[in-house]
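A.B. asks: got a sequence here, can you model it:
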Amino acid sequence: MNPLISAESLLAADPKPVLIDVTWNLMGPPGRDAYLAGHLPGAYFVDLDTVLAGPPGDGGRHPLPEATIVEAALRRAGVSADTPVVVYDAANSMAAARAWWVFRYFGLRDVRVLDGGLAAWRAAGGEVGTEIPEDGDGGFVATTGQIPMLDAEGAAELAATGVLLDARAPERFAGEVEPMDKVAGHIPGAVNAPTTANVTADGRFLSVADLRARFAALGADGSVPVGTYCGSGVTAAHEALALEIAGIEAPVYVGSWSEWITDPNRPIATGRS
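C.D. replies: Model prediction:
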């Protein structure tokens with residue numbers, strides 16, 4: 001199944017899938033404020049920090065949430081095991097990709113990302129509303145481990161034997177700046193692949209051919225295992241989504257750099273290569 005859906009296809013869909021707005025801004029303002037100001041008609045809001053991630057701690061800044069939290073959120077949206085779901089955010093799908101990954105990890109089978117998000121919906125002539133839908137009565141049961149995931153040891157092994165893509169900006173990968181975490185640098189052997197380069201200026205993903213060419217140039221051509229990480233596991237999911245579009249399965253190291261550095265015995269590399 002194509003993990004993306006275009007705004008045009010969503011407009012034409014009948015019946016409509018369940019819509020989930022996961023608009024989120026790392027530095028604020030809260031995504032719920034944007035949702036309340038205007039969202040796709042009928043869309044439910046799911047908060048990344050409290051539903052799609054557990055409390056910050058030794059597991060990183062955005063560790064896996066509890067299954068019961070995800071289950072309750074999807075049930076409130078009227079979702080059961082086979083319910084089609086479309087997730088979206090403001091434009092570039094960074095937060096939507098985290099929802100796509102988390103929901104699949106807990107067993108949701110039919111979930112896609114609105115390519116270009118709310119901005120693409122508006123550009124296609126889609127209406128925007130402010131009405132909040134009533135809670136649904138879904139029967140979704142969350143079960144962990146439905147897609148592969150990396151831990152710190154697995155990420156280190158993959159960096160040595162396959163391709164571990166670091167989705168952060170080059171200056172953070174190199175350890176030149178670190179605005180979010182206490183230690184700068186990257187996992188030794190990782191390859192920098194800023195996930196912002198996976199989308200166009202309007203937030204839509206590159207074509208399948210362009211994504212395949214981009215990842216092949218980084219050594220991720222499907223011939224060796226590939227995984228992703230970032231600062232806290234959000235943009236790593238966006239990288240995994242781009243790889244999925246290109247036909248490459250890539251598990252995410254959810255704890256990512258913010259979890260890696262909690263153990264002082266783990267090695268740290270700096271520099272842009």
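A.B. asks: and for the least confident helix or strand in the chain by mean pLDDT, what's in contact with it?
C.D. replies: The helix or strand of the chain with the poorest confidence is helix 31-37; it has a mean of 94 (mean pLDDT, DSSP states H and E). Outside helix 31-37, the residues that touch it by C-beta atoms under 8 Å, 6 or more residues apart in numbering are 21-25, 43, 45, 47-48, 89-90, 95, 130, 132. In short, each C-beta sits where N, CA and C put it, glycine included.
A.B. asks: can you put those residues in a markdown table and add neighbour count, distance to Phe106 and pLDDT?
C.D. replies: Below are these laid out as a markdown table (neighbours: other C-beta atoms under 10 Å; distance: C-beta to C-beta, whole Å; pLDDT from 0 to 100):
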| residue | neighbour count | distance to Phe106 | pLDDT |
| --- | --- | --- | --- |
| Asp21 | 27 | 19 | 98 |
| Val22 | 29 | 15 | 98 |
| Thr23 | 25 | 21 | 96 |
| Trp24 | 24 | 19 | 94 |
| Asn25 | 15 | 24 | 86 |
| Ala43 | 27 | 20 | 98 |
| Phe45 | 19 | 18 | 98 |
| Asp47 | 18 | 16 | 97 |
| Leu48 | 23 | 15 | 97 |
| Asp89 | 28 | 19 | 97 |
| Ala90 | 21 | 24 | 95 |
| Ala95 | 28 | 17 | 97 |
| Thr130 | 10 | 29 | 97 |
| Ile132 | 13 | 24 | 97 |
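A.B. asks: for those, which one is nearest Asp221?
C.D. replies: Nearest to Asp221 among the contacts of helix 31-37: Ala95, at 28.5 Å, using C-beta to C-beta.
A.B. asks: okay but that closest one is in contact with Asp89, surely?
C.D. replies: Yes - counting by C-beta atoms under 8 Å, Asp89 is a contact partner of Ala95 at 4.2 Å.
A.B. asks: any residues in contact with both of those two?
C.D. replies: The contact lists of Ala95 and Asp89 share 22-24, 31, where a contact means C-beta under 8 Å, 6+ apart.
A.B. asks: any idea how far Ala242 is from Ser273?
C.D. replies: From Ser273 over to Ala242 the distance is 22 Å, taken as C-beta to C-beta, to the nearest Å.
A.B. asks: so between the two, which is more surrounded?
C.D. replies: Counted by other C-beta atoms under 10 Å, Ser273 and Ala242 do not tie: Ala242 has more neighbours, with 27 against 7.
A.B. asks: which SSE is that one in?
C.D. replies: helix 235-245 (DSSP states H and E).
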